[in-house]
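Trainee: for reference, the sequence and a predicted model appear below.
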Amino acid sequence: MKNITDSFVSLGHWPSAGSFGFNTDILATNPINLSVVLGVLIFFGKGVLSDLLDNRKQRILSTIRNSEELRGAAIEQLEKARTRLRKVEIEADEFRVNGYSEIEREKSNLINAASENLERLENYKNETIHFEQQRAINQVRQRVFQQALQGALGTLNSCLNNELHLRTIGANISMLGAMKEIID
């Protein structure tokens, strides 16, 4: 505390006019230097400082205006995007509904086509079975006929002797000759 009072007391004591030196008493010289510097700054820097503040204020206002314009443009774009989204959602719903009906129609067409194919294959199968049955029946008939013919020929050959055989051939030839005369 004594140092503070000493510094105020020493304010009244000035060194002699002819000497130049540094006052090392910080408390005594700082308030004076600060007041002089502040006074000069306020006097000369008032205009510069107000110009700097005005420029800064104008830049801030300009930035705010630009931000408001950008905000407005962004809101407008957002509304356009929402409108487009609603349209796309409506179109998507229409496509979905149309797609479901198209899917149902295709499903019905496929089922009908598959049913027709199955019916056609069933008919082809039945025809094939019928054809194979007829072929098997014809083969059996042919075999039975061949066996019967062979049996009859065997019986005829065993029963006919040479003389009976020649008479049968002669009778047949005369019948053929009579038929030929009738036709002519």
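Mentor: Looks like it arrived, so ask away. The shown structure was predicted, so the numbers you read here are calculated from the model rather than taken from an experiment.

Trainee: okay, which residue is most central for this structure?
Mentor: When Cα atoms, centre = their mean is applied to the chain, the residue found nearest the centroid is residue 92 (13.8 Å).

Trainee: which strand or helix spans it?
Mentor: According to DSSP states H and E, residue 92 maps onto helix 26-159.

Trainee: now the element after that helix, going C-ward?
Mentor: Next along from helix 26-159, by DSSP H and E: helix 162-183.

Trainee: on that earlier part again, the residue nearest to the centre of the chain and residue 139, how far apart?
Mentor: Residue 92 sits 67 Å away from residue 139, going by Cβ to Cβ, to the nearest Å. (Each C-beta comes from the backbone N, C-alpha and C, glycine too.)

Trainee: what do you get for residue 53?
Mentor: From residue 53 across to residue 139, the span is 120 Å (Cβ to Cβ).

Trainee: now residue 178
Mentor: In terms of Cβ to Cβ, residue 178 sits 38 Å off from residue 139.

Trainee: same check on residue 44?
Mentor: Applying Cβ to Cβ, the value for residue 44 to residue 139 is 133 Å.

Trainee: now residue 155
Mentor: From residue 155 across to residue 139, the span is 24 Å (Cβ to Cβ).

Trainee: what does residue 41 give?
Mentor: Distance from residue 41 to residue 139, by Cβ to Cβ: 131 Å.

Trainee: could you give the number of residues near residue 63?
Mentor: Residue 63 has 10 neighbours, counted by other Cβ atoms under 10 Å.

Trainee: per-residue confidence for it?
Mentor: Listed pLDDT for residue 63 reads 92.

Trainee: which residues does it contact?
Mentor: Shown in contact with residue 63 (Cβ atoms under 8 Å, 6 or more residues apart in numbering): no residues.

Trainee: how far does the helix holding residue 92 sit from its chain's centre?
Mentor: 4 Å (Cα atoms, centre = their mean, to the nearest Å).

Trainee: how far off helix 162-183 does it point, in degrees?
Mentor: Relative orientation of helix 26-159 and helix 162-183, computed by axes from the mean of the first three to the mean of the last three Cα atoms, to 10 degrees: 100 degrees.
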